[in-house]
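Enquirer: Generate a structure from the sequence data that follows.
(chains A and B)
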Amino acid sequence: MTDRNDDNLLQAASRLTTDISPERDLWPGIARAMETPQRAWWTPMLAQAAAVVLLVGGSSAVTYIAVKQPAPPVAQIAPELAFEQVSFGTGYELGDEFVKARHALIAELEVELKRLAPTSRAEVAANITVVQDAIYEINAALEQDPNNTLLQQQLLSAYREELTLLRRVGGLTRNIMMRNDI
Amino acid sequence: MKKLTVMMLGLLLAAPAVAEEVDRTLDAAADGDVDISNIAGSIEVTGWSRSAVEVTGTLGRNVKELVFERDGDNVTIQVKVPRKAGRGTDAELSIRVPQNSSIDVSGVSADISVADVRGVQRLQTVSGDVETQSFGNDVSAESVSGDVEVEGDASDTETSISTVSGDVTLERGSGIVRAGSVSGDVIIDEGSFSRAELGTVNGDVIFRSGLRKGGRFAAETVNGDLDVEFSGDVSARIEIETFNGSIRNCFGPEPERTSKYTPGLELSFTEGKGDGRVEMSTMNGDISICKE
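Expert: Residues are numbered from 1 along each chain as shown, chains lettered A, B, ... in the order given. I've put the predicted structure just below:
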């Protein structure tokens, strides 16, 4: 019973026309619409204004996050000493190798600082803070003037100084302390 | 009576050992290596005309041993202290070495002072001052918290001096100098250089020396001032830039604003034939460049 109904339905369907013509010629209207497209509610001017708002808003948000709410420290190796994530303005990143080297040196410093006398430890910490403050200050200036090559060079130098300082303190302490005399 | 004897013995054993005087000498090569380490106290090294090394001074009551031995051209002087040492591990050492020796001196909480040693010098301490003279061989002197002072004799050498929280001073240096500090000043005076690389974070850089023909001079600070006064004629391309500081130029050309929106200044000019190169930059410091 069901098979016969299906056959009737298929026969009826095959008799239907496959080419339906529109009641009138629609092409002139389509061509006209293509030549003079309907204007979007936001004009290019509006789009530019929106882009500026997004850029300023986004940049402000990044600055706010970077300056007011710094990322959690990479390491806090003494109460007075914490290492923040590295940053290089808004448009640049420091490479993975640099970040890895810095992490390794920070870990090494943690061990070596414990070997120092409290006064030396405090002095080292104070000077690492001096370098970190400089990095923070240059980064803040770079946020405002991202293409300033002097600031970029200064920031690179400051990070290099931080690495040198970490290496010098860690290396010097270790070199001396690892000798047989202790 | 037995109790009293035990108590007296206990007191005797608990009593601190006394400091020990040292006065020892070993024959040594006239131009060998002398390796010295002393954890705390002071190390004073003086060159003399004899082919021998002499150690005099005082060892603290808790010093374990003074190692003083020769192996070929190498002499070793080490103050050994117990691993868990506290007070009484200081040693005040006065060491005389053959004048042409090369020395490697290390301390932790120790001042290092060297005079009349003409070989290569490598001096390092963590907490203490370093003071030496150079005589035409390379000198590397560094401290973490302390001042570093080197006095040259105007013969060419390569001098590397650095500290973290102290000042760095080189007088009458010549040849190549690399000097840096984080929070202290860098002072280079009465020298003549083919290459000078100087830098601080918060300290000032003061350079009053000559730059030779074709020489290179680079100085950089973040918050410190750069005060440069070349002695004699300068022939170099000079490039100076500040982000937020002034530029004073005695050579003539006036600095220009880097941008109408920022207070930074830049100055580029050629002095003489422009053989050498002078580069100076700072973020917040002021720069002064002059000629004697």
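Enquirer: Tell me which stretches of the stretch 51-200 of chain B form strands.
Expert: B:52-59, B:65-71, B:74-80, B:90-98, B:102-115, B:121-127, B:130-133, B:139-145, B:148-151, B:157-162, B:168-171, B:174-181, B:186-200 (DSSP state E, counting those that start in this stretch).
Enquirer: Throw these into JSON lines and include mean neighbour count, thanks.
Expert: Heads up, the C-betas are built off the backbone N, CA and C, glycines and all. JSON lines is the format used below for the strands of the stretch 51-200 of chain B (neighbours: other Cβ atoms under 10 Å in any protein chain shown):
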{"stretch": "strand B:52-59", "mean neighbour count": "19"}
{"stretch": "strand B:65-71", "mean neighbour count": "14"}
{"stretch": "strand B:74-80", "mean neighbour count": "22"}
{"stretch": "strand B:90-98", "mean neighbour count": "22"}
{"stretch": "strand B:102-115", "mean neighbour count": "22"}
{"stretch": "strand B:121-127", "mean neighbour count": "25"}
{"stretch": "strand B:130-133", "mean neighbour count": "23"}
{"stretch": "strand B:139-145", "mean neighbour count": "25"}
{"stretch": "strand B:148-151", "mean neighbour count": "23"}
{"stretch": "strand B:157-162", "mean neighbour count": "22"}
{"stretch": "strand B:168-171", "mean neighbour count": "24"}
{"stretch": "strand B:174-181", "mean neighbour count": "23"}
{"stretch": "strand B:186-200", "mean neighbour count": "22"}
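Enquirer: Compare those strands and give me the one nearest residue A:149.
Expert: Nearest of the strands of the stretch 51-200 of chain B to residue A:149, taken as Cβ to Cβ: strand B:186-200 at 17.6 Å.
Enquirer: Serialize the strands of the stretch 51-200 of chain B to TSV and add fields for distance to chain A and mean pLDDT.
Expert: TSV is the format used below for the strands of the stretch 51-200 of chain B (distance: least, Cβ to the nearest Cβ, whole Å; pLDDT from 0 to 100):
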stretch	distance to chain A	mean pLDDT
strand B:52-59	12	97
strand B:65-71	7	96
strand B:74-80	4	96
strand B:90-98	10	97
strand B:102-115	5	95
strand B:121-127	4	93
strand B:130-133	12	98
strand B:139-145	4	93
strand B:148-151	13	98
strand B:157-162	7	96
strand B:168-171	13	98
strand B:174-181	8	96
strand B:186-200	7	97
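Enquirer: can you tell which of those is closest to residue B:213?
Expert: Closest among these, using Cβ to Cβ: strand B:186-200, at 8.7 Å.
Enquirer: And the helix or strand following the closest one, what does it pack against?
Expert: Counting by DSSP states H and E, the next helix or strand C-terminal to strand B:186-200 is strand B:205-221. Using 3 or more Cβ pairs under 8 Å, 6 or more residues apart in numbering or on different chains; DSSP states H and E, the elements in contact with strand B:205-221 are strand B:186-200, strand B:226-230, strand B:236-242, strand B:276-282.
Enquirer: what about dumping the CA coordinates of the shortest one to CSV?
Expert: Only the C-alpha atoms of strand B:226-230 are listed here, as CSV (Å, rounded to 0.1, in the frame of the first residue of the first chain):
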residue,chain,number,x,y,z
LEU,B,226,76.3,62.5,30.8
ASP,B,227,79.1,65.0,31.3
VAL,B,228,81.7,64.6,28.6
GLU,B,229,84.7,66.9,28.1
PHE,B,230,87.2,65.6,25.5
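Enquirer: tilt between that strand and strand B:186-200?
Expert: Counting by axes from the mean of the first three to the mean of the last three Cα atoms, to 10 degrees, strand B:226-230 lies at 130 degrees to strand B:186-200.
Enquirer: Pairing partners for strand B:226-230, with directions?
Expert: strand B:205-221 (parallel), strand B:287-291 (parallel) (DSSP bridges).
Enquirer: Outside of it itself, list whatever touches it.
Expert: B:204-211, B:217, B:219, B:280, B:282, B:285-292 (Cβ atoms under 8 Å, 6 or more residues apart in numbering or on different chains).
Enquirer: List buried members of those residues by neighbour count.
Expert: B:204-211, B:217, B:219, B:280, B:282, B:285-289 (16 or more other Cβ atoms under 10 Å in any protein chain shown).
Enquirer: Among the strands paired with strand B:226-230, which comes closest to residue A:146?
Expert: Short answer: strand B:205-221, nearest of these by Cβ to Cβ, at 20.6 Å.
Enquirer: part of a strand, is residue A:142?
Expert: No: checked against DSSP: H, G, I helix; E, B strand; the rest coil, residue A:142 lies outside a strand; its state is helix.
Enquirer: so it touches residue A:153, yeah?
Expert: No: using Cβ atoms under 8 Å, residue A:142 is not in contact with residue A:153; the gap is 10.8 Å.
Enquirer: Look at those two and report which has more neighbours.
Expert: A direct count of neighbours by other Cβ atoms under 10 Å in any protein chain shown for residue A:142 and residue A:153 places residue A:142 higher, at 23 against 15.
Enquirer: rewinding a little: can the strands of the stretch 51-200 of chain B go into a markdown table with extra columns for distance to residue A:169?
Expert: What follows is the strands of the stretch 51-200 of chain B, written out as a markdown table (distance: least, Cβ to Cβ, whole Å):
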| stretch | distance to residue A:169 |
| --- | --- |
| strand B:52-59 | 28 |
| strand B:65-71 | 27 |
| strand B:74-80 | 22 |
| strand B:90-98 | 22 |
| strand B:102-115 | 12 |
| strand B:121-127 | 8 |
| strand B:130-133 | 16 |
| strand B:139-145 | 6 |
| strand B:148-151 | 15 |
| strand B:157-162 | 12 |
| strand B:168-171 | 16 |
| strand B:174-181 | 14 |
| strand B:186-200 | 17 |
